[in-house]
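> A structural model of the following input is requested.
(chains A and B)
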Number of protein chains: 2
Amino acid sequence: VGSLKFKLTVAYDGASYHGWQSQKSGRGVQDQLESAMARLFGADLARSESASRTDTGVHAYGMAVHVEIPAERFQMPENRFALALNACLPADVRVRSARRMPAAFHARFDAIGKQYRYHVWNHPVMNPLLRQQAWHIPRPLNLGAMQAAAAQFVGRHDFRAFTSHRAGELGDSCRTLTRCSVKRSGSHFTFCLAGEGFLYKMCRGIVGTLVEIGRNERNDTKVAELLAQRDRRLTGMNAPAHGLVLWKVLYPTRR
Amino acid sequence: VGSLKFKLTVAYDGASYHGWQSQKSGRGVQDQLESAMARLFGADLARSESASRTDTGVHAYGMAVHVEIPAERFQMPENRFALALNACLPADVRVRSARRMPAAFHARFDAIGKQYRYHVWNHPVMNPLLRQQAWHIPRPLNLGAMQAAAAQFVGRHDFRAFTSHRAGELGDSCRTLTRCSVKRSGSHFTFCLAGEGFLYKMCRGIVGTLVEIGRNERNDTKVAELLAQRDRRLTGMNAPAHGLVLWKVLYPTRR
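Okay, the predicted model is just below:
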């Protein structure tokens, strides 16, 4: 009778995990999801494919994952699937929705873009309610300088200077950013990055560089020059993982 | 030479504490602050007076506290005091500012008002990033009904029906609310309450009743009738502690 394919939208607090990907230690978020699948359907069906990985400590609001279950083993109404998975998951991992997809759907190959958010708390004293979800920058940030620099990242560029790939591991390093912006609400700064695809640690490299610009540590920095030099040693530090959220994975609108 | 009085503005994540007040267990937030005072100035000066208490699990962004230190024991620039306290505090408690005040200042007696915020996550699935800071309401809330009801709490009323005081413990139960409002951003609802003073668990009783109205569990509820009946058994549940934040304590503008 064939099998049922679902797209899961997964949110998680990354603080306790060694990133998305399965780990021998069992501390990948994927291990939690696959344990839940194993409890519901048996160990042989505990497999999932995600749109992306996330690093240790990075959070997600809209990670996308696909899973496949033989129709005869799927013994519940489809609209109860997310509920059933959540009943088997720890409170820091939640399936926001489980949507039936055509058999050919693939969470990674069909994704056409991703959105990230990065949170900074800019005040001499850290906000304890955000301490696990925002980067603390004590000295004042120059919002206008960061906004002007952020805008220069938008478009198609070689982002080699903003990735932490080791030499030789990196193929084509051109990517297109459709959005790179910063907004402020009191002491809370939010960076929004969107694009077709991202290189390894590219978000964190860009945000780290923007924060150095915001601290006025890089007078007269031209983003275009940093991009053209293609040298990771000339750009900013990687912003720490705990401020980053994989916000959304984009797919073509279904006809 | 007299002594130096300071107003401390304190933020804390209440998840790990048995409320503000000192506990024999040492798990009051006040115990953390007073341990920090003891380390800086000696155990005999480890005393603080707060504007308010908070219940187990309740958070604060702007708790106000005063402390007093003999001038000859205060061996640092005044603008380093918050930094010094924070160096002795756990990461879930932070002194946002330490401001020198006249000797007569008293954090509780001089306060003229307080503001609270209450967070609700209204979606079938809880957001794991807010699980310790928002109340999860799975079924849809009627924003308009809650807003209309909230407005009726504003003004001077007998709030006996919205407090958890035991019989006989309650004196005058009239209070003035200057604000009671609800706003929505996606699945995130924020309640704002402000007033001169609040009875025990009054915020949580009001929010719990508003949420029942938002769930359409109280058709044609008239807030005025609930207030007039003065009967706790006829009003809603107490909203859980972990959604509540003591946002700000108000003092007269200094001349």
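> how much space separates A:Arg233 from chain B?
32 Å (C-beta to the nearest C-beta, to the nearest Å). Quick note: C-beta positions are derived from backbone N, CA and C, even for glycine.
> hang on, isn't A:Arg100 packed against A:Glu78?
Yes. A:Arg100 is within contact range of A:Glu78, at 5.8 Å (criterion: C-beta atoms under 8 Å).
> output the contacting helices and strands for the lowest-mean-pLDDT helix or strand in chain A.
The helix or strand of chain A with the poorest confidence is helix A:223-229; it has a mean of 91 (mean pLDDT, DSSP states H and E). Packed against helix A:223-229 by the contact rule (3 or more C-beta pairs under 8 Å, 6 or more residues apart in numbering or on different chains; DSSP states H and E) you find no helix or strand.
> okay, and the common contacts of A:Arg100 and A:Glu78?
Common contacts of A:Arg100 and A:Glu78 (C-beta atoms under 8 Å, 6 or more residues apart in numbering or on different chains): A:Leu4.
> would you map the helices across the stretch 101-250 of chain A?
Taking DSSP state H, counting those that start in this stretch as the test, the helices found in the stretch 101-250 of chain A are A:143-151, A:202-214, A:223-229.
> how about the residues of the stretch 51-200 of chain A near chain B?
A:59, A:61, A:82-83, A:86, A:91-97, A:123-129, A:131, A:133 (C-beta under 8 Å from any C-beta of the partner chain).
> apply 10 Å and report the result again.
Residues of the stretch 51-200 of chain A lying close to chain B (C-beta under 10 Å from any C-beta of the partner chain) are A:59-61, A:79, A:82-83, A:85-86, A:89-97, A:123-133, A:138, A:187.
> from those, which land in strands?
A:59-61, A:93-97 (DSSP state E).
> ok, A:Ala151 - contacts?
A:179-182, A:223 (C-beta atoms under 10 Å, 6 or more residues apart in numbering or on different chains).
> now do A:Lys222
So A:Lys222 contacts A:149, A:152, A:228 (C-beta under 10 Å, 6+ apart).
> swap the cut-off to 6 Å and go again
Listed by C-beta atoms under 6 Å, 6 or more residues apart in numbering or on different chains, A:Lys222 has no contact partners.
> list of residues touching the helix or strand encompassing A:Leu40?
Assigned by DSSP states H and E, A:Leu40 falls within helix A:29-41. Residues outside helix A:29-41 that contact it (C-beta under 6 Å, 6+ apart): A:12, A:17, A:20-22, A:45-46, A:48, A:69, A:73, A:84-85, A:88-89, A:93.
> among those, which ones are buried?
Neighbour counting with 16 or more other C-beta atoms under 10 Å in any protein chain shown marks A:12, A:17, A:20-22, A:45-46, A:48, A:69, A:84-85, A:88-89, A:93 as buried within the contacts of helix A:29-41.
> which of those fall in helices?
Those of the buried ones among the contacts of helix A:29-41 mapping onto helices are A:84-85, per DSSP state H.
> so what's A:Arg156 bridging to?
Counting by DSSP bridges, A:Arg156 is bridged to A:Thr176.
> let me know the pLDDT of it.
The model reports A:Arg156 with a pLDDT of 96.
> so it is in contact with A:Leu177, correct?
No. Using C-beta atoms under 6 Å, A:Arg156 is not in contact with A:Leu177, being 8.1 Å away.
> any chance of a PyMOL selection covering the buried ones in the ones in strands among the residues of the stretch 51-200 of chain A next to chain B?
Buried members of these, defined by 16+ other C-beta under 10 Å, are picked up in PyMOL with:
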select buried, chain A and resi 59+60+61+93+94+95+96+97
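> max pairwise distance over the ones in strands among the residues of the stretch 51-200 of chain A next to chain B: which two?
Within those, A:His59 and A:Ser97 form the most distant pair, 17.8 Å apart (C-beta to C-beta).
> what's the separation between A:Leu8 and chain B?
Taken as C-beta to the nearest C-beta, the span from A:Leu8 to chain B is 11 Å.
> tell me the contacts of A:Arg179?
So A:Arg179 contacts A:192, A:194 (C-beta under 6 Å, 6+ apart).
> distance of it from A:Glu196?
Between A:Arg179 and A:Glu196 the computed distance is 11 Å (C-beta to C-beta, to the nearest Å).
> where does the stretch 1-150 of chain A dip in pLDDT?
A:1 (pLDDT under 70).
> what about the closest residue to chain B within the stretch 151-255 of chain A, how many residues nearby?
Ranked by C-beta to the nearest C-beta, the top residue of the stretch 151-255 of chain A for proximity to chain B is A:Val245, at 7.6 Å. Around A:Val245 there are 26 other residues, counting by other C-beta atoms under 10 Å in any protein chain shown.
> pLDDT score for it?
pLDDT at A:Val245 comes out at 98.
> A:Gly26 in helix, strand or coil?
Following DSSP: H, G, I helix; E, B strand; the rest coil, we place A:Gly26 in the coil state.
> tell me the phi and psi of it?
Note on A:Gly26: backbone dihedrals following degrees, to the nearest 10 are phi 80, psi 10.
> thank you kindly, that will do.
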